[in-house]
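In: requesting a structural model of the entry that follows:
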Amino acid sequence: MNKEVKAKWGILGTAKIARESLIPGLRDSNSSKLAAIASRSKEKAKDFAEKFNVPKSYGSYEELLNDDQLEFVYIPLPNHLHTEWSIKAARAGKHVLCEKPLGTSAKEVERAFEAAKQEGVKLMEGFMYRFHPQTRRVKSLLNQGEIGEPRFFRGAHSFSLVTQDREDDIRWEEEMGGGSLMDLGTYSVNTVRYLFGEEPTRVTARQSFHPDHTAEAETQAILEFSEGKTAIIDSSFLLDHRANYEIVSKRGSIKAFNTYNPGLGRKTRIEIKKGDMVEEETLKSKNEYALEVDELVEAARENRDLLLGPEESINNARALEAIRESAEKRNWVEV
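Out: Next up is the predicted model:
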């Protein structure tokens, strides 16, 4: 691929996250541009293309995948379709950025990466927060031993979906891979695994449901790691907005506020506590979706490993599976 020419992207679907997050990310990207949009409705795709100044529109996902001028595909479809269309895009020779979760099970995620490997294309799960300066700063502080060895993590991610309830909101549908754990809790699971630098050994969890919906509305989980390290996470569609975490050691703690898609107009900050000393850092906002896009394009063009590779996504899916199993069995489950 010619590094001087911006990579051409196509998007499968007209989801809100594509409109409000990925398209601005492509526009802010150093590497990419949006070239095509597909919908199951030709008219909807055309209207979307006109609104967002997209050169091409297609009335089916297959048509977009058959466009040989497109190198990269973004998939923001309902969760239960992520694996299927990631595989189809890979079979069409496209590099793929798929929204999290990449699959509703670890086996699905493994299948998607196997297809990408067979076709010689890159596949990355859309954990955009990993590229944000806030996340990188926290990881850097831990690597430098700023607070010593982390021992405890607490992550909270919620918003009141119930107050903006729509009958057609797919996040409430169990059969479509919905629920707060897969939508929100997956971020906290991914974060603690990244910051601890290891995988949980066992988990215990509980889930609660809204009477009008099939997918779980809230999840609380405890994850145990080696040498007594522990994490507590919660996700909820019923509580007020929270998107934060703290990581604690014997010597101090680091708290991260307003993380997980804070937006360009909002500040992100971290609080570093060591003994009685507390220091606060405010980090400059950057478009984490643009950084995510650039990572995939650069990895494809340089033929190098991604910062978020197969093992990362497969292990995240295994942890999520264990949490769901534990909530169902009401017992500890090994990961």
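In: show me the contacts for the residue minimising distance to the centre of the chain.
Out: Nearest to the mean C-alpha position of the chain, by Cα atoms, centre = their mean, lies F127 at 3.0 Å. Counting by Cβ atoms under 8 Å, 6 or more residues apart in numbering, F127 touches K100, Y187, N190, L308. C-betas here are computed from N, CA, C, even on glycine.
In: you'd agree I87 is up against A112?
Out: Yes: in this structure I87 lies within contact range of A112 using Cβ atoms under 8 Å: 5.7 Å.
In: between the two, which is the more surrounded one?
Out: A count of neighbours by other Cβ atoms under 10 Å puts A112 above the other of I87 and A112, at 27 against 21.
In: just the element for the more buried one, please.
Out: A112 is located in helix 106-119, with elements delineated by DSSP states H and E.
In: what packs against that helix?
Out: If you count contacts as 3 or more Cβ pairs under 8 Å, 6 or more residues apart in numbering; DSSP states H and E, helix 106-119 packs onto helix 82-91, strand 123-126, helix 310-329.
In: CSV for these, including distance to I11?
Out: Output for the helices and strands packed on helix 106-119, formatted as CSV (distance: least, Cβ to Cβ, whole Å):
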stretch, distance to I11
helix 82-91, 11
strand 123-126, 12
helix 310-329, 20
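In: out of the ones you listed, which is the most enclosed?
Out: Sort the helices and strands packed on helix 106-119 by mean neighbour count, taking mean count of other Cβ atoms under 10 Å, and strand 123-126 sits at the top with a mean of 27.
In: kindly format the C-alpha coordinates of it as PDB.
Out: Below are the C-alpha coordinates for strand 123-126, written out as PDB (Å, rounded to 0.1, in the frame of the first residue of the first chain):
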ATOM      1  CA  LEU A 123      -8.600  -7.500  12.400                       C
ATOM      2  CA  MET A 124      -8.900  -5.300  15.400                       C
ATOM      3  CA  GLU A 125     -11.500  -5.000  18.100                       C
ATOM      4  CA  GLY A 126     -12.700  -1.400  18.800                       C
END
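In: for it, the distance to its chain's centre please.
Out: Put simply, strand 123-126 sits 8 Å off its chain's centre (Cα atoms, centre = their mean, to the nearest Å).
In: stretch 137-152 now?
Out: Relative to the centre of its chain, stretch 137-152 is centred 23 Å away, using Cα atoms, centre = their mean.
In: per-residue pLDDT, the most far-flung residue of the chain relative to its centre?
Out: Farthest-out residue of the chain from its mean C-alpha position, per Cα atoms, centre = their mean: D276, at 35.1 Å. D276 carries a pLDDT value of 92.
In: the one 4 residues further on too?
Out: E280 is assigned a predicted lDDT (pLDDT) of 96.
In: what about the helices in the protein?
Out: 16-17, 23-28, 42-52, 61-65, 82-91, 106-119, 133-143, 180, 186-196, 288-302, 310-329 (DSSP state H).
In: what is K56 paired to in the beta sheet?
Out: With DSSP bridges as the criterion, K56 is bridged to A36.
In: for it, give its distance to A36.
Out: According to Cβ to Cβ, to the nearest Å, K56 and A36 sit 4 Å apart.
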